[in-house]
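Peer 1: Have a look at this prediction, sequence included:
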Amino acid sequence: MSQLSAKGSKGATPAEVVLQPQLKSCLVNLPSSLVSVLVNANTVAQNVVVELSFRQPAPPADKTNGTSQIRSIYLGWTGMQSQTRLAPIVSRNGIQGTRGSAARQDQDIATVEVDSTLARVLGISDGMKVGVNLHIDPPQAHTVNIEPLTPTDWDIIELHARFLETNFLSQVRALPNPAFSASQSQRHPLTLHLTPTSSANILVTTLSPAPPSTQPFVKISPDAEVIVAPKTRQPRSSDRSTRSVASTSRKSVGGRSTASTVRHPATRDEAPARPPLFLRGVDRAIAAEYFDEEDANDNDKGLRIWIDNDHLLSKSLKGVTWVAVSIVRPASLEEPIDPQKQAMDAEKPASKIVARLCAWNDAPDSQHAALSSLLCAAMASSGLVGGIVRIEAAPTQLPRTTSALKKESKEKEVIVKNLRVFPFGTALSNGLKFGGESAAEKEAASRKLKSIFGDSQDGSGLLEGPLTDGMILPAEADKGKDHAWPGGILRFDPSPSSTEEHPLKKPADWLMGSERKLTIEVQPEIAKPSDLTRGTPGHEIPRSPTEMVGIETLTAELQSHLLHSSSILLTGGLGSGKTSLTHLLANRLRKEHLFNVTYFSCRTLVTDETRVSTIKEKLQKIFGAGAWGARLGGRSLVVLDDIDKLCPVETELQVGNDNGRSRQVSELLCSIARQYCSRDTGVVLLATAQAKESVNNVVIGGHVVRDILTLKAPNKDGRRKVLELLVGQRDVQQQPKHSRSQSDGAAWMGGSESGDQTNGAQGFEVDPSIDFLDVAGQTDGYMPGDLTSLVSRAQNEALIRSVSEDAEDSRVSLTREDFTAALKGFTPASLRGVTLQTSTTTWSSIGGLQETRQILLETLQYPTTYAPIFAQCPLRLRSGLLLYGYPGCGKTLLASAVAGECGLNFISVKGPEILNKYIGASEKSVRDLFDRAEAARPCVLFFDEFDSIAPKRGHDSTGVTDRVVNQLLTQMDGAEGLSGVYVLAATSRPDLIDPALLRPGRLDKSLLCDMPNTEDRLDILRAVTGQLKIESSILDSSNESQSLHEIARQTQGYSGADLQAVMYNAHLEAIHDVLGPTEDLGNSNDKSSSSSRSKSKYRDFTYFRYGDETLGKSTTSKPTPASLAERASISAKLASMEQARKRSKAGSSATATNGVSEKEEAGSQEPVISWRHIVKSLEQTRPSISKADQRRLSGIYREFVVGRNGEMADGEAGTEIGGRSTLM
């Protein structure tokens, strides 16, 4: 082995250390002077060991020798050159020279670049002066035994063992000799970079072959074997029993230089330290079923903790009455803290709270511990279920004076003189404010605090029990009392000092409040500490969920699946109650089976700005929190509400970022769920979505959920139960809001609303005459959320009515009229955004077609009106009808009447509207139509011109209609079938429709709308003339020559549309008779004025000032080219308007008289249809269907009904169903 340097063989080269985070190894970059020497000697980088020597300051505790010592470390060379650093122009001795002189090279400072992580471990800082020595060809070690520096380093090495095996030689080249006899300080650690963000420190224990003790380092051989010894976390050693009494007592008191209190025997201080106990914590209020309320030991009062009897006899807690309780919170699951906020925290709460230890006789198992509600609130963990609680024997409480301590004290000084309370600041402060400036205000605030936390007959008040320095006084500690308290922190005055900085190592300083007479000083308000404002990964759920009725079977099934660790996807429409059901299940599992619940609404992550990495981090925290809550034998429920918003289905016919992002997030969710949700971990997933089809197929097919349950819309009886429940709940909960005699709100401390409210005393009273079953019958298709809005609207209507009536009674009555008014204009959530057709057509406006109308009533109206009767029918009801017949015979009119008469929602679709030239778009239109109908059920889906979208398959050369027919067949008679959706189709060519659609289960029955006979035509004429004004003699059935019977007799071969045209043309003839002379004059004036307008250069308009005595006086500047007839008509209209305005100003009697005269005058001008008008209309109107077309269509319909035998005529193309044809 040889040694080289830039200035000689023995002297070290001076250099400065530069820290480089990019190196990530135990190798260094050398200055250019040394690199040139190595290059000239043709030295390989792998054979160089770099020795860095520097002066290490002496530790402060070493007072015997204040001088520093020389320390050497041994590293490898990267083969690269470091950057030079310019020397300063001005030094301690003055100006050295300019940087541009010839001596610039001498002014450059040589640098050694070292990895920053390694330098921090070795105690090297940036800019430190070191000496550099190079060692060439040092001895090699073929077997290296290393040991992690700490147990944490061992965990990291064990996690990345394969990476370490591959990359160890690329990071480490020089090894310090552990047997070097110069000094133990030469045994410096080495740093291994295992990931870009994590590193581990190691120590070399032994080398083989063993180098001599005079050799401080060796080089690792390229084929060396590296053996890693484990470094596990060892329990506290028992050698503490050999320590002195004074040292042990100092540790227990928290680092004070005094001994422990003399009340406890010295033998307890000399006993070995008790190891802490870790159990799964549960709030006593939630685990109430596991306690006996009659037992005084089980009362939820004061600061208490209950554990199993077996632990009371263990080494940790045997003979212990008071314990220090702390909650272990993993830092990886908590929200990050803003450093500025943390620095601004004036007071930090204590991490340990002293509580009384009690026995839990009915504990579910030995792994659970119950914390009193007050203790959970004092630790900012109200409603705790799951998580790890650290329990250890509490140290001795603080004595009264310093004379009780084991130290020489001449004076008896009181250790704790006062209790200081720091209230948390609130945005709104009413009444008395805590922390007032004057002494009177502080005294009043102190009395209020004593009344809140100290007044108790059984001595269970918070201030009468154990008080811990830094303990939180929870907000609203006692809701039964008339006080409000925003919360605060309790501090001892003066505060006990402690040298421990770690919160878990610092002992709890406490005392018994009932044994001390300490005054309470209320300090000014402070901001809530950041430890209390940090939220959990999930969202809060209500402690008392909404009661739900009518879904007991579904709730029991869901609970059974979740108890057996089977993840579930719950689907249901908008407003169906999915979120309320998850809250109900979460609270039930939490109370009955001690489930830890993490609820998260996925809507909060549905933004374009949210990155996928953020979503991944959030999901890992959510599932990680669930896994942490299920530790120590517990179980956990993770609820992802609205998962279809986070992982929507991939949209067809669209390729872009939305589909890619949805698939990426879905795959991410699947991988995380598979990692955490299993029977071993105890974590189960409950997700909600509007439908199975709205969730990405990756989630559905990725075995994330094992079953899919649907929350359907309630039936009629279910809606009745929901309405009765809503009215009953609101009668109790909202009575203070709706009372007209309600007093104003309460102050923050001085007073509150009276809690003694009688049920219904100032709320809504339900009229006994209300039949909620009748109201439920009018809310078909309503979800529970819609019924909630309906009840709210009805209560608003009742309030408006009661205010307008000025009733003296303070009660507000809820009547049937209020629900009727609330239903008007109300649109349920499922129908918002759905286009529904409305029609004024009724059965009375349709003539003839009696048999067809009766079948429509049986199919569409009866199942809805008489639902209980049809519910007993074991067979599937008819849900599809085909209306076929001659054009103009009332097929579409019948469908319009269905919308107005049957009380069903109506969606009308014209045949060509759903056809699209893009592949798959037409089928998607069909699916969307049925989805709309499902959302609007009970609903009638009417297809007009059905033959244009559902022709025989194989007829279309493009194949578009074939795919549409296939989609219709799937939708109309799929595996699930249609429920509450009726399909009504109309066509004039039923032979062109694909026969598969006419089979039972799809379009079950075909109804013929035939040409009307004489009786039908008479019925049609009566229906049409009911809307017109006609002479009474024509309506008289005794007058046979000039009556509707004569019209029906003369219109043989007319369809219903033709008969309507006859009467409308007759009505136009009557109008012409009324307007005939004026129209002729207008025609002549139009002819004369058209020629004058063409010659005039002015625009065709006139202007004057309305209200002048003589029209045209104000328009003297230019002549107006308007015709005299137009001016005359305008003048007449203006005169009538002027007269109307004058009449409106007259008295009421004159107004009434004028109104009668106007009505008579208007009636005299109303057109009346006479017989001559009808005769003239009959002369001008002809049938729309010729005789030949009637014969042809009659043959088609006859063949459609009775001639479907499959035979074909000789020599001619087949005209039967299935033959190729063209549209008429």
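Peer 2: Sure thing, it's come through.
Peer 1: list the contacts for the residue nearest to Ile643 when sequence neighbours are not counted?
Peer 2: The spatial neighbour of Ile643 that comes closest, neighbours along the chain excluded (C-beta to C-beta, 6 or more residues apart in numbering), is Ala687 at 4.3 Å. Using the backbone N, CA and C atoms, a C-beta is placed for each residue, glycine as well. When contacts are counted by C-beta atoms under 8 Å, 6 or more residues apart in numbering, Ala687 is found next to 567-570, 639-641, 643, 704-705.
Peer 1: Pick out whichever of those residues sits closest to Lys448.
Peer 2: Distance to Lys448 across those (C-beta to C-beta) is lowest for Val639, with 39.9 Å.
Peer 1: What distance do you get for Leu192 to Leu207?
Peer 2: For Leu192, the distance to Leu207 (C-beta to C-beta, to the nearest Å) stands at 17 Å.
Peer 1: where exactly do the strands run in the stretch 551-700 of the chain?
Peer 2: For the stretch 551-700 of the chain, the strands defined by DSSP state E, counting those that start in this stretch occupy 568-572, 595-601, 635-641, 683-689.
Peer 1: Leu532 is nearest to which of these?
Peer 2: Here strand 595-601 is closest among the strands of the stretch 551-700 of the chain (C-beta to C-beta), at 19.4 Å.
Peer 1: what packs against the closest one?
Peer 2: For strand 595-601, the elements it packs on are strand 385-393, helix 578-593, helix 612-629, strand 635-641, judged by 3 or more C-beta pairs under 8 Å, 6 or more residues apart in numbering; DSSP states H and E.
Peer 1: Need these in a markdown table (columns: mean pLDDT and distance to Val1201).
Peer 2: Below are the helices and strands packed on strand 595-601 laid out as a markdown table (pLDDT from 0 to 100; distance: least, C-beta to C-beta, whole Å):
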| stretch | mean pLDDT | distance to Val1201 |
| --- | --- | --- |
| strand 385-393 | 91 | 70 |
| helix 578-593 | 93 | 49 |
| helix 612-629 | 91 | 61 |
| strand 635-641 | 94 | 55 |
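Peer 1: Please work out which of these is packed deepest.
Peer 2: Mean neighbour counts were taken over the helices and strands packed on strand 595-601 using mean count of other C-beta atoms under 10 Å, and the top value, a mean of 25, falls to strand 635-641.
Peer 1: who does that one pair up with?
Peer 2: Strand 635-641 has the following sheet partners, assigned by DSSP bridges: strand 595-601 (parallel), strand 683-689 (parallel).
Peer 1: Go through the last one and flag the buried ones.
Peer 2: Spelled out, that is strand 683-689. 683-689 (16 or more other C-beta atoms under 10 Å).
Peer 1: Run the chain-centre distance for that strand.
Peer 2: In terms of C-alpha atoms, centre = their mean, to the nearest Å, the centre of strand 683-689 is found 13 Å from the chain centre.
Peer 1: With the first one instead?
Peer 2: Once both centres are worked out by C-alpha atoms, centre = their mean, strand 595-601 turns out to sit 12 Å from its chain's centre.
Peer 1: Run through the residues that contact Phe492.
Peer 2: Taking C-beta under 8 Å, 6+ apart, we find Phe492 in contact with 398, 416, 419-420, 469, 509, 511.
Peer 1: Also Ala141?
Peer 2: Remark: with contacts taken as C-beta under 8 Å, 6+ apart, Ala141 is in contact with 175, 207-209, 211, 218-221, 224.
Peer 1: run the last query once more with 10 Å
Peer 2: Ala141 is in contact with 175, 177, 204, 206-211, 217-221, 224-226, counting by C-beta atoms under 10 Å, 6 or more residues apart in numbering.
Peer 1: could you point out where the stretch 401-550 of the chain is predicted with low confidence?
Peer 2: Across the stretch 401-550 of the chain, the ranges flagged by pLDDT under 70 are 402-412, 426-437, 455-460, 476-483, 497-506, 531, 533-535.
Peer 1: Val775 and Trp843: what is the separation?
Peer 2: Distance of Val775 to Trp843, given as C-beta to C-beta: 26 Å.
Peer 1: swap that for Arg1002, please
Peer 2: From Arg1002 across to Trp843, the span is 26 Å (C-beta to C-beta).
Peer 1: neighbour count winner among these two?
Peer 2: Arg1002 (19 against 16; other C-beta atoms under 10 Å).
Peer 1: Not counting sequence-adjacent ones, nearest residue to the more buried one?
Peer 2: Leaving out its chain neighbours, the residue that sits closest to Arg1002 by C-beta to C-beta, 6+ apart is Met972, at 4.5 Å.
Peer 1: Now the one you found, what are its backbone angles?
Peer 2: Phi and psi for Met972, reported as degrees, to the nearest 10, are phi -80, psi -30.
Peer 1: before we move on, back to that, got the strands paired with strand 635-641 as CSV, with mean pLDDT and distance to Leu34 columns?
Peer 2: CSV is the format used below for the strands paired with strand 635-641 (pLDDT from 0 to 100; distance: least, C-beta to C-beta, whole Å):
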stretch, mean pLDDT, distance to Leu34
strand 595-601, 94, 59
strand 683-689, 95, 58
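Peer 1: Now render those strands as TSV, adding distance to Pro828.
Peer 2: Shown next, in TSV, are those (distance: least, C-beta to C-beta, whole Å):
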stretch	distance to Pro828
strand 595-601	23
strand 683-689	19
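Peer 1: and Ile146, which of the three is it?
Peer 2: Judged by DSSP: H, G, I helix; E, B strand; the rest coil, the three-state class of Ile146 is strand.
Peer 1: That one contacts Glu225, doesn't it?
Peer 2: No - counting by C-beta atoms under 10 Å, Ile146 sits too far from Glu225 to count as a contact (11.2 Å).
Peer 1: quick one: Asp1019 is in a helix?
Peer 2: Yes - according to three-state DSSP, Asp1019 belongs to a helix.
Peer 1: and the gap between it and Gly890?
Peer 2: To Gly890, Asp1019 is 11 Å away according to C-beta to C-beta.
Peer 1: of the two, who's got more company?
Peer 2: Between Asp1019 and Gly890, counted using other C-beta under 10 Å, the more crowded position is Gly890 (27 against 21).
Peer 1: how about the nearest residue to that one, chain neighbours excluded?
Peer 2: Residue nearest to Gly890 in three dimensions, not counting chain neighbours: Gly1056, with 4.9 Å by C-beta to C-beta, 6+ apart.
Peer 1: So for that neighbour, what's the pLDDT?
Peer 2: pLDDT for Gly1056: 88.
Peer 1: cool, and Thr1051?
Peer 2: For Thr1051, pLDDT reads 88.
Peer 1: what number of residues lie near it?
Peer 2: 21.
Peer 1: now it: how far from Asn1013?
Peer 2: In terms of C-beta to C-beta, Thr1051 sits 11 Å off from Asn1013.
Peer 1: And for Ala687?
Peer 2: Distance from Ala687 to Asn1013, by C-beta to C-beta: 62 Å.
Peer 1: What residues are bridge-paired with Arg420?
Peer 2: Beta-bridge partners, per DSSP bridges, of Arg420: Arg491, Glu521.
Peer 1: thought it was touching Asp493?
Peer 2: Yes - using C-beta under 10 Å, Arg420 makes contact with Asp493 at a distance of 4.9 Å.
Peer 1: neighbour count winner among those two?
Peer 2: When Arg420 and Asp493 are compared on other C-beta under 10 Å, the one with more neighbours turns out to be Arg420, at 19 against 14.
Peer 1: for the more buried one, what are its contacts?
Peer 2: Taking C-beta under 10 Å, 6+ apart as the criterion, Arg420 is in contact with 347, 488-495, 519-523.
Peer 1: One more pass at 8 Å, please.
Peer 2: By C-beta under 8 Å, 6+ apart, the contact set of Arg420 is 490-493, 521, 523.
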